[in-house]
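Colleague: prediction below, plus the sequence it came from.
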Amino acid sequence: MMESTPILYTKDLAIGYKRKKSTDLILLDNLNLSVERGELICLLGQNGFGKSTLLRTLTGVQRPIRGDFFINGKSINSYERSQLAKVLSIVLTENLNIGEVSVHSVVSMGRYPHNNWLGMLSENDHKVINNVLEITGLTPYKEKMFTELSDGFKQKVMIARALAQDTSIILLDEPTAFLDIPTRIEILNMLRSLIKQFNKSIIFSSHDLDLALQTADIVWLITKDQKIEVDSPEDLVLNGHFEKAFNKKEIKFHPQRGIFKMNRIADTKIQVKGNKIDVIWTERALERIGISTDGNEKVDGSIQIDRNDGKLIWNLNFNSQSVLFYSIGELIKYLKNK
């Protein structure tokens, strides 16, 4: 089977900041990354480790310290800006002050790299724009002013503009920052749909580990020793790379659930048994008040969760007593006073 040629790849790339009077500040070095067509890649790492710098470098906005990267087999240095805009588009997080313009006008801006010297939209341009508006669900809002939109809709419009640009690669810097959880999920689902429908390659940076684990095909994980681990999100979890990258004294990544938990020292350990979803939410409540629920440890008590006529009952055995509760709130209130 023949291997496909990466649509983008880096060669011994070092990124950071050049300094005139001192040694260059290198954030990431010896990067040999590749992007296949149709991949959704998430760039993860702690603050200050170089996520935004890497994205700026891959857009050509910031020059690398050394090394090179290639798009469609062509060095970034050999692209003119007008040519680059036809193969690569970018969506930034910061609020754009673009004045009183309609959603349709903003999306139309994505066609500028394909316009003639007069900047006039062709019949094909209008067809592309209308198609993009339909695909992203923005047709009913095309005459609405951009400034009147919610942050979530603004982000959808900017992604639509990048889609109208019709590039092979789309880079997004924190596309779900400052959005509520349902809107974050909607945005990331839209990105997955775009990849499936148009076979685009998308790279996005994020702080949202949970959604990245659910969404990305590949994760570029920046480690504490300034390297990038590349693999499927599941393999990175199972190989312990997420724990190494994010664990701190006060917080710990739990691979069993794919979440972070505050690393509290627990004096009390209680084992919880019952239906899976009832157990999960009960354990979350117990851990919030500093009670460990690790069943592998020697425990001080237990909780059996049962259902009687559709109602939940928590049977707590603790301090040689057995007490029944009919809500997690009652259970937690009792244990906080013990």
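Modeller: Yes, it's here. All values reported here derive from a predicted model rather than from experimental measurement. Numbering: from 1, shown residues only.

Colleague: which strands and helices sit next to the longest strand anywhere in the chain?
Modeller: Longest strand in the chain by number of residues (criterion: DSSP state E): strand 8-17. On a contact count with 3 or more C-beta pairs under 8 Å, 6 or more residues apart in numbering; DSSP states H and E, strand 8-17 meets strand 25-31, strand 34-35, helix 51-58, strand 66-71. Where C-beta positions appear, they are placed from N, C-alpha and C, glycine not excepted.

Colleague: for residue 227, which of these is the nearest?
Modeller: Across the helices and strands packed on strand 8-17, residue 227 has its closest neighbour in strand 25-31 (7.7 Å, C-beta to C-beta).

Colleague: packing partners of that closest one?
Modeller: Counting contacts by 3+ C-beta pairs under 8 Å, 6+ apart, strand 25-31 is packed against strand 8-17, helix 51-58.

Colleague: direction included, what does that strand pair up with?
Modeller: strand 8-17 (antiparallel) (DSSP bridges).

Colleague: buried residues in the strand it pairs with?
Modeller: By neighbour count with 16 or more other C-beta atoms under 10 Å, strand 8-17 contains the buried residues 8-10, 13-16.

Colleague: model confidence over it, on average?
Modeller: Strand 8-17 carries an average pLDDT of 94.

Colleague: do stretch 78-93 as well
Modeller: On average, stretch 78-93 scores 89.

Colleague: contacts for it?
Modeller: Contacts to stretch 78-93, defined as C-beta atoms under 8 Å, 6 or more residues apart in numbering, come from residues 55, 58-60, 71-72, 76, 110, 112-114, 155, 158-159, 161-162, 165-175, 177-178.

Colleague: state the next helix or strand along the chain beyond the helix or strand bottoming out on mean pLDDT in the chain.
Modeller: Ranked by mean pLDDT, DSSP states H and E, the weakest helix or strand in the chain is strand 259-262, scoring a mean of 66. Using DSSP states H and E, the next helix or strand after strand 259-262 towards the C-terminus is strand 268-273.

Colleague: now that next one: how far from the chain's centre is it?
Modeller: Its chain's C-alpha centre and that of strand 268-273 lie 33 Å apart, by C-alpha atoms, centre = their mean, to the nearest Å.

Colleague: what pairs with it, parallel or antiparallel?
Modeller: strand 291-292 (parallel), strand 301-308 (parallel).

Colleague: in the stretch 1-150 of the chain, where is pLDDT below threshold?
Modeller: Within the stretch 1-150 of the chain, the segments meeting pLDDT under 70 span 1-4, 94-97, 116-119.

Colleague: all helices of it, in order?
Modeller: For the stretch 1-150 of the chain, the helices defined by DSSP state H, counting those that start in this stretch cover 51-58, 81-84, 103-108, 123-135.

Colleague: again, but for the stretch 151-300 of the chain
Modeller: Ranges of helices within the stretch 151-300 of the chain are 151-164, 181-198, 209-215, 233-238, 241-246, 276-288, based on DSSP H, counting those that start in this stretch.

Colleague: list the contacts for residue 70?
Modeller: So residue 70 contacts 8-11, 76 (C-beta under 8 Å, 6+ apart).

Colleague: whoops, I mixed them up, residue 156
Modeller: Here residue 156 is in contact with 136-138, 187, 190 (C-beta under 8 Å, 6+ apart).

Colleague: turn these into TSV, including distance to residue 280 and neighbour count.
Modeller: Formatted as TSV, the contacts of residue 156 follow (distance: C-beta to C-beta, whole Å; neighbours: other C-beta atoms under 10 Å):
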residue	distance to residue 280	neighbour count
136	35	21
137	33	13
138	37	21
187	26	20
190	29	19
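
Colleague: of the residues you listed, which pair is most distant in space?
Modeller: 138 and 187 (12.9 Å).

Colleague: deepest-packed of the helices and strands packed on strand 8-17, please.
Modeller: Neighbour counts (mean count of other C-beta atoms under 10 Å) averaged over each of those peak at helix 51-58, with a mean of 22.

Colleague: report the central residue of the chain.
Modeller: The chain has residue 206 as the residue nearest its centroid, 3.7 Å off, counting by C-alpha atoms, centre = their mean.

Colleague: burial count for residue 209?
Modeller: Residues contacting residue 209 under the criterion other C-beta atoms under 10 Å number 21.

Colleague: just to revisit the earlier point, can you add distance to residue 284 and give the contacts of residue 156 back as a markdown table?
Modeller: Below are the contacts of residue 156 laid out as a markdown table (distance: C-beta to C-beta, whole Å):
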| residue | distance to residue 284 |
| --- | --- |
| 136 | 35 |
| 137 | 34 |
| 138 | 37 |
| 187 | 26 |
| 190 | 30 |
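
Colleague: alright, that wraps it up for me.
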